[in-house]
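Peer 1: Generate a structure from the sequence data that follows.
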Amino acid sequence: MTITHDDELDGLKRIGRIVANTMQDMAAVMEPGMTTRELDDLGREMLEREGAIPAPQATYGFPGATCISVNEEIAHGIPGERRLALGDLVNIDVSASLDGYFADTGATFCLGAVRPVLDRLCRDGRRAMRIGIAQVGHDKPLAGIGNAIGSFASKRGYTLIRNLASHGVGKALHEDPGEIATWPTKGDRRRMHNGLVLTVEPFLSRGGMWATSGTRDEWTLYSTPRAPVVQYEHTVVATHRGAIIVTLPG
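Peer 2: Predicted coordinates:
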């Protein structure tokens, strides 16, 4: 999507605020013993209360309103009977539409105290996302996002999952300019333009390189090699003055 009018930006900010509030509220209520289905049900209620439509379910038939991935699950976790426990890493990814506008956000949360190495991974995951967002702007190279994130990751001894990319969003959950690498690449000559809507969502890891399917279902993805992974995501708009983040709570 390319934004050309203020009312389009307003519509995008409206759904962006809804998905951000939903994600934050889900994180605030999760507790040991709660199932991921119960957490997803709360997310669905929050979205429906605002008139928003869960995007993964409406677009792809995903069996949940939100994606909830715990520990070894790194993306597209199906809400179910798994019970949360202290020390879990819980990724909550919320995307939805309202009045024809789509927004997408996600974050990894620690349930209670976690090992210092995981706490540091979470902090640096957020930093990696912010570093990527700082590369967003009119006439900047799309590859600059992944190159900047990759430089940060390598300096701190991390790896990046290389087959889960950022993407265009706005009038659909996934749209042009298609996949946008959040790892270093060569040969991508595409450039951003004013009003372009996209996500920035690096998957930072302590050794993982690829997302692979498991045997339990057709959706849930795991790290290969097996390693802790965190993901942080915002929907942003490229402008002449940098990025506008639309998935902010409020």
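Peer 1: only C-alpha atoms for contact and neighbour calcs from this point on.
Peer 2: Noted.
Peer 1: got a pLDDT number for G214?
Peer 2: Among the per-residue scores, G214 shows a pLDDT of 86.
Peer 1: Quick check on it: phi, psi?
Peer 2: phi -100, psi -160 (degrees, to the nearest 10).
Peer 1: before we move on, what about Q135?
Peer 2: The phi/psi pair for Q135 (degrees, to the nearest 10) is phi -90, psi 0.
Peer 1: I'd guessed it sits against G144; true?
Peer 2: Yes - contact criterion C-alpha atoms under 8 Å: Q135 and G144 qualify, at 6.2 Å.
Peer 1: Now do the same contact list for the closest residue to T59 other than its chain neighbours.
Peer 2: Sequence neighbours aside, L173 is the residue nearest to T59 in space, at 7.5 Å (criterion: C-alpha to C-alpha, 6 or more residues apart in numbering). L173 makes contact with 55-56, 59, 95, 102-104, according to C-alpha atoms under 8 Å, 6 or more residues apart in numbering.
Peer 1: how about these in CSV, adding distance to R241, secondary structure and neighbour count?
Peer 2: Below are the contacts of L173 laid out as CSV (distance: C-alpha to C-alpha, whole Å; DSSP: H, G, I helix; E, B strand; the rest coil; neighbours: other C-alpha atoms under 10 Å):
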residue, distance to R241, secondary structure, neighbour count
A55, 30, helix, 23
P56, 31, helix, 21
T59, 32, helix, 13
S95, 26, strand, 28
F102, 23, strand, 28
A103, 21, strand, 33
D104, 22, strand, 28
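Peer 1: Which one of those is nearest to G214?
Peer 2: P56 (19.3 Å; C-alpha to C-alpha).
Peer 1: Report the contact partners of the closest one.
Peer 2: Contacts of P56 by C-alpha under 8 Å, 6+ apart are 62, 64-66, 95-96, 173.
Peer 1: Tell me, what's the model's pLDDT at it?
Peer 2: Reported pLDDT for P56: 95.
Peer 1: quick thing: my sequence starts at 39, can you match it?
Peer 2: All set: I'll call the first residue 39, so the last point we hit is now P94.
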